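Enquirer: based on what follows, work out the 3D shape:
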Amino acid sequence: MGSATREALATSRAALSVPDGTTDLATGESLFGAGRVIGSSSQLVSALGDASAEPSAKVTLVRAVFGRDVTPRALDLLSAAVAERWSSHDDLLAGIEELGLRASALSAAAGTSIEGELFAFGKTVSSDAGLELALASKLGKVDAKAALVEKLLAGKVSGQTLAIVRHLVQQPRGRRIGELLRHAAAIVADQSGTSIATVTSASVLTPAQLDRLQKNLQERHGRALTINQVVDPALVGGVRVQIGDLVIDGSIATRLADLRLQLAR
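Expert: Predicted structure coming up:
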């Protein structure tokens, strides 16, 4: 990520953090939809992602194109985003998507675990090769993918999760479905002031074990954590924990592999 994008993201997040009482799910959906429109038009993405263009000109263009199609709150956030300098066109699209994810998280009712629902759907997809192909194939039609998501999730998850997944399959930007869901869950969790810890073990950990592990990790990480548990018998024993880019591998399988390397020297 370039320095320009880091600054643009910080400014965009700051615009979202200003409380106005109108950041609802429609705002998130409007941002997702605008991002897809911009991404599908080479002329539009070039004009809005042009770092040399006057910010006021880009804001005027956004308001002319989307003024009647998005919520007022979404229009203000879009304007704030395009007024910034981004390191690349793809970074601009990623920034708009992040605003949509954060707005969706803000709109959720208390107790709604969007990140948990995204994790559960990710497990479902990864366990079904046919479903993964249907959602990720470059040959598949975007509308068909959105309709499939609607069929699978409508009435079973929150409106926020449904809107997020529906958007992700329509604008993957070269990312695999698993990566899309993990990235979205991480941003949603961050908006709620937490991080996601993926705990992989050879067998299912008991609630007491998970509770102890969560408390220990939170003390070390200095932040509230949401635990996602994955079972992988290949680990033999122990656990592997991933929090963002940080990996703590205490699995027996890794220890055995390290021992074999040492013996081979």
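Enquirer: which residue ranges form the strands in the stretch 51-200 of the chain?
Expert: For the stretch 51-200 of the chain, the strands defined by DSSP state E, counting those that start in this stretch cover 194-201.
Enquirer: so for the closest residue in space to residue 150 that isn't next to it in sequence, what's the pLDDT?
Expert: Of all residues not flanking residue 150 in the chain, residue 166 sits nearest, at 6.7 Å (CB to CB, 6 or more residues apart in numbering). Placement of C-beta: from N, CA and C, glycine included. pLDDT, residue 166: 97.
Enquirer: so what's residue 166 up against?
Expert: 146, 149, 150 (CB atoms under 8 Å, 6 or more residues apart in numbering).
Enquirer: okay, now the first one: neighbour count?
Expert: I take that to be residue 146. 16 (other CB atoms under 10 Å).
Enquirer: do the same with the second one
Expert: The number of residues packed near residue 149 is 23, by other CB under 10 Å.
Enquirer: for it, give its distance to residue 170.
Expert: Distance from residue 149 to residue 170, counting by CB to CB, to the nearest Å: 9 Å.
Enquirer: neighbours of residue 102, just the number please.
Expert: Look at residue 102: counted by other CB under 10 Å, it has 23 neighbours.
Enquirer: how about it, what does it touch?
Expert: 13, 16, 187, 188, 191.
Enquirer: which one of the residues you listed sits closest to residue 127?
Expert: Within those, the smallest distance to residue 127 is 22.2 Å, found for residue 188 (CB to CB).
Enquirer: bridging residues for the residue nearest to residue 244 when sequence neighbours are not counted?
Expert: Closest residue to residue 244 apart from its sequence neighbours, by CB to CB, 6+ apart: residue 195 at 6.5 Å. In this entry, residue 195 is beta-bridged to residue 225, by DSSP bridges.
Enquirer: among the contacts of residue 102, who's most crowded?
Expert: Using other CB under 10 Å as the neighbour test, those are led by residue 188, with 28 neighbours.
Enquirer: contacting residues for it?
Expert: Residues in contact with residue 188 (CB under 8 Å, 6+ apart) are 101, 102, 104, 105, 114, 115, 118, 164.
Enquirer: rerun at 10 Å
Expert: Contacts for residue 188 (CB atoms under 10 Å, 6 or more residues apart in numbering) come out as 101-102, 104-106, 108, 112-118, 160-161, 164, 194, 196, 226.
Enquirer: helices - which of those residues land there?
Expert: 101-102, 104-106, 114-118, 160-161, 164 (DSSP state H).
Enquirer: out of those residues, which is nearest to residue 139?
Expert: residue 164 (23.5 Å).
Enquirer: how about the closest one, what does it touch?
Expert: Residue 164 makes contact with 28-29, 32, 97, 100-101, 104-105, 114, 117-118, 121, 149, 157-158, 180-181, 184-185, 187-188, according to CB under 10 Å, 6+ apart.
Enquirer: select only the buried ones of these in PyMOL?
Expert: Buried residues within the contacts of residue 164, by 16 or more other CB atoms under 10 Å, are selected in PyMOL with:
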select buried, resi 28+29+32+97+100+101+104+105+114+117+118+121+149+157+158+180+181+184+185+187+188
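Enquirer: I appreciate the help and will end here.
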